[in-house]
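Undergrad: sequence first, then the predicted structure:
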Amino acid sequence: MNESILFLTFTAAYEEEDKTKKEKIDTHNRLDSAIYSTEKTLTDNKDKISEEDAKKLQEALDEAKKALETDDLEAMKAAEEKLNAEAHRIASLLYQNTNPAGGQGQPFGEGFPGAENTQGQADSAGSNDNKDEDIVDAEFEEKK
């Protein structure tokens, strides 16, 4: 037989197996990354998450870690989906807690740039018709 025909036959025989291995590796890596970032979020915000929510998130983390150990593709996919759903729910709650206006106004609260008293700005907006006079437009060039 010709070498190129043998190579194509060999390649075709293992193509499906290679796709399955790649999908398993990609799923494993995504799940591992999701576990790491979710654990970090849980640790960094433990005081901002209710005990019940923390427990649900920890259960999803534990399930994900077990699925990672089994190396079963379907189990890892299911655990990844559950962990991501729970992590997104917690992230949404954290965002709402840092922004009690429910998405209105400043997203980060006090202490962040742009979080000054916007009510005071609104009150003085009508009385200060010349507020554009304080703006200076300039260009600069950084020299090294």
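TA: Yep, that arrived.
Undergrad: quickly find the element holding residue 62.
TA: Assigned by DSSP states H and E, residue 62 belongs to helix 51-70.
Undergrad: give the next helix or strand downstream of that helix.
TA: Using DSSP H and E, the helix or strand that directly follows helix 51-70 along the chain is helix 73-98.
Undergrad: what is the orientation angle of that following helix with helix 51-70?
TA: Inter-element angle recorded for helix 73-98 and helix 51-70: 150 degrees (by axes from the mean of the first three to the mean of the last three C-alpha atoms, to 10 degrees).
Undergrad: distance from the chain centre to helix 73-98, please.
TA: Helix 73-98 sits 9 Å away from the centroid of its parent chain (C-alpha atoms, centre = their mean, to the nearest Å).
Undergrad: so for that helix, what gets flagged as buried?
TA: By neighbour count on 16 or more other C-beta atoms under 10 Å, the buried set for helix 73-98 is 73, 75-77, 79-80, 82-84, 86-87, 90, 94. In short, each C-beta sits where N, CA and C put it, glycine included.
Undergrad: show me what it is packed up against.
TA: Other helices and strands packing on helix 73-98, by 3 or more C-beta pairs under 8 Å, 6 or more residues apart in numbering; DSSP states H and E, are helix 3-44, helix 51-70.
Undergrad: for the last one, what is the distance to the chain centroid?
TA: Think helix 51-70. Distance, stretch centre to chain centre, for helix 51-70: 17 Å (C-alpha atoms, centre = their mean).
Undergrad: next: the longest one.
TA: Centroid displacement of helix 3-44 relative to its chain, using C-alpha atoms, centre = their mean, is 21 Å.
Undergrad: mind giving me the packing neighbours of it?
TA: Packed against helix 3-44 by the contact rule (3+ C-beta pairs under 8 Å, 6+ apart) you find helix 51-70, helix 73-98.
Undergrad: okay, the angle between it and helix 51-70?
TA: 160 degrees.
Undergrad: ranking the helices and strands packed on helix 73-98 by burial, who's on top?
TA: For the helices and strands packed on helix 73-98, the largest average neighbour count (mean count of other C-beta atoms under 10 Å) is found in helix 51-70, namely a mean of 16.
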